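> Predicted coordinates and the sequence they were generated for:
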Amino acid sequence: MKQLLYGVAYYFEYLPYDRIDQDIEMMKAAGINVVRIGESTWSTYEPHDGEFDFSKLIYTLDKMDKNGMKVIVGTPTYAFPTWLAKEYPDVLVERQGKRLPYGARQIMDITNPTFRFYAERIIRQMMLVTREYDNVIGYQVDNETKHYGTSSHNVQAGFVDYLKQEFNGDLDALNAEFGLDYWSNRINAWEDFPNVNGTINGSLAGEFAKYQRQLVTDYLAWQTAIVREYTHDDQFVTHNFDFEWRGYSYGVQPDVDHFAAAKPLDVVGIDVYHPSQRQLTGAEISFAGDIARSIKQQNYLVLETQAQAFKTWTPYPGQLFQLAFSHVANGANMVEYWHWHSIHNSFETYWKGLLSHDFQPNPVYNEAQKVGAAFQKLSADLVNLKHAAKVAFVVDNASLTATSGPWMEFGIGEDAKYNDVFRRLYDAFYRQNIATDVLNPELIDPAKYDLLVVPMLYTATDDFLQKLNDYVENGGHVLYTFKDGVANEHVKVRTTRQPGIISKAVGAHYEMFVDPNGEGLADNSGIFKDVDNQISNWAELLETDGAKVLATYDRHWKSYAAITENTFGKGMTWYLGCWPNEEVVARLVEHIVDVLGLADSYHTQFPLIVKSGTNEQAEKIDFIFNYSDEKQAFIMPFAATELLADASVSAEQKVEMAPWEVKIMKRG
Amino acid sequence: MKQLLYGVAYYFEYLPYDRIDQDIEMMKAAGINVVRIGESTWSTYEPHDGEFDFSKLIYTLDKMDKNGMKVIVGTPTYAFPTWLAKEYPDVLVERQGKRLPYGARQIMDITNPTFRFYAERIIRQMMLVTREYDNVIGYQVDNETKHYGTSSHNVQAGFVDYLKQEFNGDLDALNAEFGLDYWSNRINAWEDFPNVNGTINGSLAGEFAKYQRQLVTDYLAWQTAIVREYTHDDQFVTHNFDFEWRGYSYGVQPDVDHFAAAKPLDVVGIDVYHPSQRQLTGAEISFAGDIARSIKQQNYLVLETQAQAFKTWTPYPGQLFQLAFSHVANGANMVEYWHWHSIHNSFETYWKGLLSHDFQPNPVYNEAQKVGAAFQKLSADLVNLKHAAKVAFVVDNASLTATSGPWMEFGIGEDAKYNDVFRRLYDAFYRQNIATDVLNPELIDPAKYDLLVVPMLYTATDDFLQKLNDYVENGGHVLYTFKDGVANEHVKVRTTRQPGIISKAVGAHYEMFVDPNGEGLADNSGIFKDVDNQISNWAELLETDGAKVLATYDRHWKSYAAITENTFGKGMTWYLGCWPNEEVVARLVEHIVDVLGLADSYHTQFPLIVKSGTNEQAEKIDFIFNYSDEKQAFIMPFAATELLADASVSAEQKVEMAPWEVKIMKRG
Amino acid sequence: MKQLLYGVAYYFEYLPYDRIDQDIEMMKAAGINVVRIGESTWSTYEPHDGEFDFSKLIYTLDKMDKNGMKVIVGTPTYAFPTWLAKEYPDVLVERQGKRLPYGARQIMDITNPTFRFYAERIIRQMMLVTREYDNVIGYQVDNETKHYGTSSHNVQAGFVDYLKQEFNGDLDALNAEFGLDYWSNRINAWEDFPNVNGTINGSLAGEFAKYQRQLVTDYLAWQTAIVREYTHDDQFVTHNFDFEWRGYSYGVQPDVDHFAAAKPLDVVGIDVYHPSQRQLTGAEISFAGDIARSIKQQNYLVLETQAQAFKTWTPYPGQLFQLAFSHVANGANMVEYWHWHSIHNSFETYWKGLLSHDFQPNPVYNEAQKVGAAFQKLSADLVNLKHAAKVAFVVDNASLTATSGPWMEFGIGEDAKYNDVFRRLYDAFYRQNIATDVLNPELIDPAKYDLLVVPMLYTATDDFLQKLNDYVENGGHVLYTFKDGVANEHVKVRTTRQPGIISKAVGAHYEMFVDPNGEGLADNSGIFKDVDNQISNWAELLETDGAKVLATYDRHWKSYAAITENTFGKGMTWYLGCWPNEEVVARLVEHIVDVLGLADSYHTQFPLIVKSGTNEQAEKIDFIFNYSDEKQAFIMPFAATELLADASVSAEQKVEMAPWEVKIMKRG
């Protein structure tokens, strides 16, 4: 990118009356320089099978062009027309044997050849129209693609073929590896392969989940290849990835392998939605941004984030401004709201845009004007910011899906799911202002980091675990958690003592685990003194093989370790064998940060969050955010220029932060 | 009616042995003078297709006739025989694509021609039998009719025809009005119209709900016309309407437009079920009675209410007596229990009748004897009581269904649904003893009232809102709430600043709304001093255009108004922009009652409830109820005769009320 | 049995590698002398239709034989092969009109002739193999068999035939008895009989549940007859019965009539799973064991119980040892864990065995070694222990299913379901160390007991209730509860005053019942002085006909009795008319125990539990368990030998019990 982009999703097709001129005028007044269009209006562009009408698209592109507005065009395939459902009902996805009714978006079978035929045709037709426009800076293929649970006959057949290849046609090997003798599930002929929808076999289900993620990867690659036939050299192709949704972007996406699916793209795009008002912490912007930035180790686009959105999220004064720079601070080159104006009918009527239904300026729009002005002013300082993290998280959707099936439900409870563990660890580093990357086992290069954090990597290959051991032996550091390393890549629990291969580096092992059931932690190191020692859900009964015991349990299991620290070769490991509260995790992280000397220069903690990067002029830029309703202050470690205020700050100066304020420091 | 009716539902068909003579004797001993029969025993009357056996019906009618008991005959169509389901499975309603299994009542497709054919035949056969009886005072068509979610192919086709008519065949107009371009839902040919069951479009869903309500209206009109071919001049036709069910009669019925459906009937009948024991307030009897009375501005029948009913409702001593007069005080000419005896098998075994399963006198039956005696004694004083309310509620099932779909679920929560808002407002007036009518936008004549209360009229025509503005300008008064006037009649949110058309009379507007998220009210008028200021769920950020600000918010949004009062022309409006607790609503209502001088003469409040009416002798009758476990007292504002005790009461006399007591005063 | 058996379920088929020699070695080191094999691996034994491969079974049997290990062989039919589902999809059970998908166990239609054909063939083939082994001591037919909700066409047809027989083809009688006129459900021709899945008639549903239980009885009798064609004289046939599952064995099994189904078996087998760790009370082991022992009035087998199992159950040190003797104390001749090793894939990966996934010795395995040693040492003292209970519970699955349908849902709430009531009563006797049998109305011989406890026998024949009256009149004692005796055997509520026939012996009756709704108990006897008097859910308004009132209600219903005591003929009854808390029930039981002199010699209470039996040498054996985390002590009432410690204990000696300890005393 050559500049910071500030954008909105814009749907001319949804407008109750033509007000595009006023809209563009208001956008420009707010410094908005890019719109995203087209990604869900197929039925407008192809009103009847084979009959195309791009007049509204062309009208919009023309207007944008004339007004110097950049455009990102979305292929319109994530919602499809009524006529297609009428003509070919089997384009509707079949989920658990039930075909979804027409109505919502994201209800197609992405593997269905009929769907593919029609999707390809509309994409090609649309590309022929849009390729003519120089103001189109890039394309987004589809939107928030998932596999939608597709499991129809062809998917079942495809999965069997996939397994045949994986096991070289050796059914006995498959039966043995997946443990299919259990409950008479053994498959003795490929043609006996049952529909996997009903399976109770965690290995089979885990493999099917992997196959379904592959379908998403394939689908996006297919669309990308089509689009690329038409793009100019200076146009990018992106996709809008989203995250596990718990009413907001919560954690690792179970249904898409972001790392694999992003390969054919030029730039990663994401949508990020998060709690706001009193509940705003910035943590979701941070973890989602870290993932987006880590995938290609480059800057990314926020293709969607909230303006007014829900009534629980309508930003307090100051927050919209702060939020825009929260994204930039993390490496985003674009902040784009979903969406320009609130919709007057339909489903997302109260997922509000920058404008309310009345299209009038309002406090949120007014604050967007300040964002736009600041983006324009600071673009050269802030675009293409580079980040260098010394710490990386290793995340894995296979471990996520493997630990979320019914085979993990026996009293295992709801409070330590994969993303709960990821987030509790992630947030602890975030709140202590430790910059992090987030990668998966396939992409990570351990040698680049001082510390790896490996939350609940339940299923992993021997090779990867051995690689982690080697990393530690050669001077690396790893923070492990309970359930790490338990099963192989086919979700077969290892037959060695746990935590299996990594035991060697951990310097401890366990034979049993229990529910805490009232059991607490006992400090054994001073690190957890006077801490709320309650644990829940999971407690591995660790026995040390040389590791230092940082904490034990405190009652029936007090002879066992709960948290350990070990030196292995030139490196160190920490092992968190139970599920403690945030305070305990914070103490452990603080200890590790201390041991490894990872602390940042500002020496602040949440709610004062610091993010740092290096700009194209090789200048060091620090962002300081006050994510709270209260005033905060800190001591400036360097002399710097405060960019928003155009003011000098001297080293050791006390800097005051208003509630929900952001300051941007250029060092020196 | 010529007298107060006291009745029971009576099912000779359900009796474990023939005890009709003892039953009638016990009824007469209790002053019961009418029975309702026949409404759910089709399979007894037509044991095989085309083979009729009305012997049990005739036997019952004969016995009742000989004993001077009046009879209301119900057509038996709301439950149908096994043979009909066997012969024609498609008479079973298809809901969301799934045909219901045989078993329960109310599982027919009321639009199915086969069902109509058989229903018509049994009705005609039954009418030929029952028309011979002079003691049959009236007929009830069907029972608690709803559309049961019918959405089979013919209903889908009918709905498309209905839309074609509404939009004069102009699909573009429909697409524009309903916003169907959204998510590619645009319909470009009538034959592409998708099954509406899967729609995510709130306008389409709202219109379909309206169409389904029309099906009920049509069905009842059809049955009424058949029955009328046989009725004598002195026989009435009624229907038993019920209300939104939350374990009891809670509020406006979403699935039936009572106001439209009642048109062909002579008299409105309702069923009313309500909390009892310590939870008895009388509010459900009042709101349901107000609706029933308002529909035709005449007296109504309580066709069903509870005797013993559920174990949570078994009345405390005194309550059954009090309850009978609660209905009469509201304008009921009949109080009829569901049902005479408790059923020994099947589904409603523990929905108990006046008699337990043992058919013996019991405390509840014994109290019914007192009711019967009092009804006989006071019939001339209390029958055909006329009511005059100065306040009317405007309710609307379209607003109810429009605000309850998934498009209103984005964090909007569960605590301010349509009927919650209706009931919190209604109950506030009820508890302050302000008489009210309840009407819908089609039927209301604003000029008849001093004050209209308009809770959450989310969807409304421009015309009606303009009419309300005119009413205020000419001296009327309206209490509005949040979400009033937001969308047009097709649930399309207005593009003007909110609350749209009524802003003019309200003297305020808002561009944004938020979730309170801890925000409270700040008193700005003295009205809300020292009140519990918590609000929840919804807070419109009101800006005054001249209105007086009665309360603002108290934290992040304190520059905005929350409750306003305005003078417009000769009239006034109040606008409640947020969802406060009962106390705040009570204060606001108290204030308005005060400003408009609406207080009743007794100056009491809940738990002392007063209801007043004028009898056929033009005498003013006051009922005073103590809905509490504690003794209460009040000062009598007039000299009067206490009718139940046959005692004189002088003006200014202190009158004591026992727990759960009722007193009836004839003024003068 | 000739000795105590200590066993594990063993699945050679599930092993990740062949380690049978090490496994057997470790078993023998732990004193394990029996394995259960084969019950769920059909697909291994018959890989293709008609192609058999018993090599793994034979290998296992050979190894066990060579090592002197006994074997119980299970028929493999409760899980079936993929090829069978592919060839004949209709072997999959259809539940509520929906065919279950392939995957889990227990998804077959046990009435399906195709399934029966294939099941019979594999059983016969397997018997031909296993009959050759002398170390096979017995067979288990199927596993935890239920009807799985089977309700396909043939089951519907079978049910209609069953009703035809029961009512001698008299539909009028059926309509009358079941009250089918209600809601037009009357059936006027057998061919009109609707699918019973949709019924709302409690009598019809209750009868169908009875019919479904009969299907289970028939199925097990069928399998048993096949197996018996092959067994030797010294081999037993058993089945593994389980109980209502609420995450553990909670109470009476609704779907199987254990008492009827066990008839063809030689010995009753059960599985028992129960809370452990701090939540261990022994109560589930006790009630389940009482049922198992009472069925045939002989010793039983624990075919499955927990080793490590769930993380919430991993036993504290001492508990595994204590648990083994908890079973023996109750009359078990075998304690068998499910299962030897934890499974590495599939569904029950975390339903852990004696060994973890690493197959290494661990604290639980180590404790099993102590159990095995003690079993060997004490076998002659403890095998075939006989019990004599003076108190019997009468339980009834028809009453369970009759009180759990939707017809009992009208505000009746969740806290007094059948098994809640059974367990609250049962546990009160258990905690006061009163030995009990548990039988059903068909099998019980009242004369054998001093006291019968009859919880919620809602549906019962006149004959049985009359038999109870006679028993009391002749000197017996009965503790009745609310809802006893209400309906006849077809769930038709009696038309007499309640509690119907037993009123005579109870000396009280009620016409109405209410929800307590804040009402409490008022002590009228000193028994309930200073007790927490809250009641919930159900309160019958009892009026005495001579019974002594032990407690009344305390507010609106204070004129009514809540708990009564009556002398009738030479006997006595108690009637608990409401649902009080555990404390009130304990007081009542204490009072009855006192009146009847039922207290045991140890005069202890929970957590010190005593169980006594007589061994084959006619010696009296007492087991004392400390089910708590705290030390306990008691005074020894007799001189005895403490068997585990080989120590003498003198009468009046104070004996100390460590947490979770068991002591075994041989009196004298």
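Good, I have the coordinates.
> Which parts of the stretch 151-300 of chain A are helices?
Taking DSSP state H, counting those that start in this stretch, the helices of the stretch 151-300 of chain A run over residues A:153-166, A:171-178, A:202-228, A:258-261, A:283-296.
> Surely residue A:535 is in a strand?
Yes - with DSSP: H, G, I helix; E, B strand; the rest coil as the criterion, residue A:535 is located in a strand.
> and residue A:295, what is it in contact with?
A:258-259, A:262, A:268, A:439, A:443 (C-beta atoms under 8 Å, 6 or more residues apart in numbering or on different chains). Placement of C-beta: from N, CA and C, glycine included.
> quick one on the thing from earlier: out of the helices of the stretch 151-300 of chain A, which is the most enclosed?
helix A:283-296 (a mean of 25; mean count of other C-beta atoms under 10 Å in any protein chain shown).
> Restricting to C-alpha, output that helix in PDB.
Extracted in PDB, the C-alpha atoms of helix A:283-296 (Å, rounded to 0.1, in the frame of the first residue of the first chain):
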ATOM      1  CA  ALA A 283      -7.500  -7.700  22.900                       C
ATOM      2  CA  GLU A 284      -9.600  -8.900  20.000                       C
ATOM      3  CA  ILE A 285      -8.100  -6.300  17.600                       C
ATOM      4  CA  SER A 286      -4.700  -7.500  18.800                       C
ATOM      5  CA  PHE A 287      -5.000 -11.300  18.500                       C
ATOM      6  CA  ALA A 288      -6.900 -11.100  15.200                       C
ATOM      7  CA  GLY A 289      -4.400  -8.600  13.900                       C
ATOM      8  CA  ASP A 290      -1.500 -10.800  15.000                       C
ATOM      9  CA  ILE A 291      -2.900 -13.700  13.100                       C
ATOM     10  CA  ALA A 292      -3.600 -11.600  10.000                       C
ATOM     11  CA  ARG A 293      -0.100 -10.100  10.100                       C
ATOM     12  CA  SER A 294       1.700 -13.400  10.900                       C
ATOM     13  CA  ILE A 295       0.200 -15.400   8.000                       C
ATOM     14  CA  LYS A 296       2.300 -13.700   5.400                       C
END
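> now what about the helix or strand following that helix, what contacts it?
Using DSSP states H and E, the helix or strand that follows helix A:283-296 in sequence is strand A:300-306. Residues outside strand A:300-306 that contact it (C-beta under 8 Å, 6+ apart) are A:5, A:9, A:36, A:72, A:140, A:238, A:240, A:267-274, A:276, A:289, A:292-293, A:313, A:323, A:327, A:331-338.
> Tell me the strands beside strand A:300-306, with direction?
Strand A:300-306 pairs in its sheet with strand A:267-272 (parallel), strand A:332-338 (parallel), by DSSP bridges.
> Now the element after that strand, going C-ward?
helix A:319-330.
> how about the strands paired with strand A:300-306 in JSON lines, adding mean neighbour count and mean pLDDT?
Converted to JSON lines, these look like this (neighbours: other C-beta atoms under 10 Å in any protein chain shown; pLDDT from 0 to 100):
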{"stretch": "strand A:267-272", "mean neighbour count": "24", "mean pLDDT": "98"}
{"stretch": "strand A:332-338", "mean neighbour count": "27", "mean pLDDT": "98"}
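> List the contacts of the closest residue to residue A:177 other than its chain neighbours.
Counting by C-beta to C-beta, 6 or more residues apart in numbering or on different chains, residue A:177 lies nearest to residue A:490, which is 5.2 Å off, once chain neighbours are set aside. Taking C-beta under 8 Å, 6+ apart, we find residue A:490 in contact with A:177-178, A:203, A:206-207, A:459, C:345.
> Specify which member of those residues is nearest to residue A:47.
Closest approach to residue A:47 among the contacts of residue A:490 (C-beta to C-beta): residue A:207, at 42.2 Å.
> Tell me how far the closest one lies from chain C.
Using C-beta to the nearest C-beta, to the nearest Å, residue A:207 is found at 11 Å from chain C.
> Most proximal residue of the stretch 501-650 of chain A with respect to chain B?
Nearest residue of the stretch 501-650 of chain A to chain B: residue A:629, at 8.3 Å (C-beta to the nearest C-beta).
> Give me the pLDDT for the residue nearest to residue A:213 when sequence neighbours are not counted.
Leaving aside its sequence neighbours, residue A:213 sits nearest to residue A:257 (C-beta to C-beta, 6+ apart; 4.7 Å). Reading off the confidence values, residue A:257 has pLDDT 98.
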